[in-house]
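# got a sequence here, can you build the structure:
(one chain, ligands or ions: 2)
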Amino acid sequence: MADRVLVIDEGTTSTRAMLFDASGNVLASAQAELTQGYPGPGLVEHDAAEIWDKVLETCRAVIAQAGDADGIAAIGITNQRETVVFWDRETGEPLAPAIVWQDRRTADICRRLKEDGEEPGVRALSGLLLDPYFSGSKIGWALEHWPQLREAGTRLAIGTVESYLVHRLTGGLHISDATNASRTALMAIGSGGWDDGLCDLFRVPRRLLPEIVDSAGRFGETLPELFGRAIPICGLAGDQQAASIGQRCLTPGDTKATYGTGAFVLTHTGTTLPRSRHRLLGTVAWQLGGARSYALEGSVFVAGSLVKWLRDSLKLIESAAETEGLARSVTDNGGCYLVPALSGLGAPHWEPGAQGVIAGLGFATSRAHVVRAALESMAHQTYDLKAAFAADGFDWTTLRIDGGMAANDWIAQDLADMLDVPVERPAFIETTAVGAAMLAGLGCGLFGKLDEAATMRGAVDEFQPAANATLRDTRLAGWRKAVTAAIG
Ligand SMILES: Nc1ncnc2c1ncn2[C@@H]1O[C@H](COP(=O)(O)OP(=O)(O)O)[C@@H](O)[C@H]1O
Ligand SMILES: O=P(O)(O)OC[C@H](O)CO
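Ligands and ions are numbered 1, 2, ... in the order given. Purely as a prediction, here's the structure:
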């Protein structure tokens, strides 16, 4: 009997494929790095053809490790959200670069809409804010500036990354799951459908958009020639929602933070549509049987990408893992604070024009101090979110962490110390993939309910808070001063 799940985790920096059994054990895995295109200031692009190639490559590598595809009951797809792909619905070939979530090219469009008083309406309908982060303004910009999209006429299809992958895997299906659709600023979060007013505001013709579907179900089958047999696609979710599910955040108040390229904190709010008064986002946690569960989200744009920048641009470190030893090698930050506003500031500030700052430098500042300040900025940014969540009525009692950066024990302990709550980290840190496996398992009938799949999360390590309030206050004062400078 086929009882395994193949997960495609298409992140910002890499594509991963993993084969799970129903207990959450990983039987095979493969990973391929993705090229990051930075064609100009504030611009971030991916080549969707490369994404597709790497999905095929990693899935085939996993199937080869397993022997064949016979034991695979279903595929689950999870993806970097908000990134938009433009493709030819007949050939599946991309018609333009994919505009990545980090891209700021539509900052002026969003600023103008804000000045025109459009933000309250956008917030009420979509749960989001007017910021270049979300897909709607990116799509409107592309349709205006890339003539080949207009010339493609009815052949043009638009969607987020999971939508593109489903189209290519099935040879034509054009769908998007509700978690991804809820990140476009084109979906009415309450009704779960594309909203005409929002589509008009961002100049996006509704006919170009996919059909919005559940996060689990039998959506379609892969073309048999791709993997040796047709495999049903049964789970779809944006990576942050998938991580939240994989962290077993299934009860209102459960909170996770994923430290990957960016850092994204989601508190589950159940079937209650969250309305933030503190610049957090309302988002769909999952949709099953047409019914939506929701989450409140704080999105931080720079997390692991800061470590990458220290390594690749500043050449301050040779590897991401080296940061842990460097942070431990000094007793404190030496008065140095780093605000990683390298692509503006996200929640709770939402300042697209903010710029990165390294403050408090002196002759005594060492490389280790700067690296420590960079790692400390994760807890500082998360602290700002914690305050906003608490003010919205969701005070965290525990924080469940994951993502590539969460492998760093120093960061995990610093989070516990600064947030003053226990931090839980699963032994298997790829919770995004676990969440996608849970959804796919549910969609193909391996599980009857999401709760039944939750054992896939496995064992966790705990980090207990151990810092005193004076230390926290000193750090937060230094951080706030630096944030003011970053916002200018
Ligand atoms: N030990 C570590 N300490 C600090 N940062 C790390 C460590 N290991 C990985 N990272 C960072 O984590 C990021 C990768 O996380 P990952 O979850 O794979 O990202 P994504 O899914 O966004 O592509 C990289 O940006 C890397 O710099
Ligand atoms: O690539 P990640 O894991 O940092 O996730 C990106 C987010 O989905 C952007 O919203």
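# mind listing the helices for the stretch 251-400 of the chain?
Remark: helices assigned in the stretch 251-400 of the chain by DSSP state H, counting those that start in this stretch are 304-312, 322-328, 367-391.
# up against ligand 1, what does the stretch 351-488 of the chain have?
Within the stretch 351-488 of the chain, the positions lying close to ligand 1 (Cβ under 6 Å from any ligand atom) are 403-405, 407-408. Yep, even glycine has a C-beta here, placed from its N, CA and C like the rest.
# quick check, pLDDT for Met1.
Here the pLDDT value assigned to Met1 is 72.
# that one and Gly445, how far apart?
11 Å (Cβ to Cβ, to the nearest Å).
# which one's more surrounded, the two?
Applying other Cβ atoms under 10 Å to Met1 and Gly445 shows that Gly445 carries more neighbours, namely 11 against 6.
# possible to save the residues of the stretch 351-488 of the chain next to ligand 1 as JSON lines with pLDDT?
Shown next, in JSON lines, are these (pLDDT from 0 to 100):
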{"residue": "Gly403", "pLDDT": "93"}
{"residue": "Gly404", "pLDDT": "92"}
{"residue": "Met405", "pLDDT": "95"}
{"residue": "Ala407", "pLDDT": "95"}
{"residue": "Asn408", "pLDDT": "97"}
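# from the residues you listed, pick the one nearest ligand 2.
Gly403 (6.4 Å; Cβ to the nearest ligand atom).
# who in this structure is up against ligand 1?
Counting by Cβ under 6 Å from any ligand atom, the chain sits next to ligand 1 at 11-14, 260-261, 304-305, 307-308, 320-321, 323-324, 403-405, 407-408.
# and Gln31, what is it in contact with?
Gln31 sits next to 14-17, 58 when contact means Cβ atoms under 8 Å, 6 or more residues apart in numbering.
# at 7 Å instead, please
14, 16, 58 (Cβ atoms under 7 Å, 6 or more residues apart in numbering).
# coming back round to it: just name the most buried of the helices of the stretch 251-400 of the chain.
Most buried of those by mean neighbour count (mean count of other Cβ atoms under 10 Å) is helix 367-391; its value is a mean of 22.
# that one vs ligand 2: in contact?
No: with Cβ under 6 Å from any ligand atom as the criterion, ligand 2 is not reached by helix 367-391; the gap is at least 13.0 Å.
# could you say what helices and strands that helix packs with?
With contacts taken as 3 or more Cβ pairs under 7 Å, 6 or more residues apart in numbering; DSSP states H and E, helix 367-391 sits against strand 263-270, strand 291-300, helix 304-312, helix 322-328, strand 337-339, helix 409-419, helix 469-487.
# I'd guessed Arg168 sits against Gly92; true?
Yes: at 4.8 Å, Arg168 counts as touching Gly92 under the criterion of Cβ atoms under 7 Å.
# by mean pLDDT, which helix or strand of this structure comes out lowest?
Lowest mean confidence among the helices and strands of the chain (mean pLDDT, DSSP states H and E): helix 450-453, at a mean of 88.
# which elements pack onto the helix or strand hosting Asn180?
Using DSSP states H and E, Asn180 sits within helix 178-181. Counting contacts by 3+ Cβ pairs under 7 Å, 6+ apart, helix 178-181 packs against strand 232-238, strand 281-288.
# which outside residues touch the longest one?
Spelled out, that is strand 281-288. In this structure, residues lying in contact with strand 281-288 by Cβ under 7 Å, 6+ apart are 127-128, 177-179, 182-183, 189, 192, 214-216, 237, 241, 244-245, 268, 273-276, 292-297, 299.
# enumerate the residues of the stretch 301-450 of the chain near ligand 2.
Residues of the stretch 301-450 of the chain lying near ligand 2 by Cβ under 6 Å from any ligand atom: none.
# low-confidence ranges in the stretch 301-450 of the chain?
The stretch 301-450 of the chain contains no residues with pLDDT under 70.
# by proximity to ligand 1, which residue of the stretch 1-150 of the chain wins?
Gly11 (2.9 Å).
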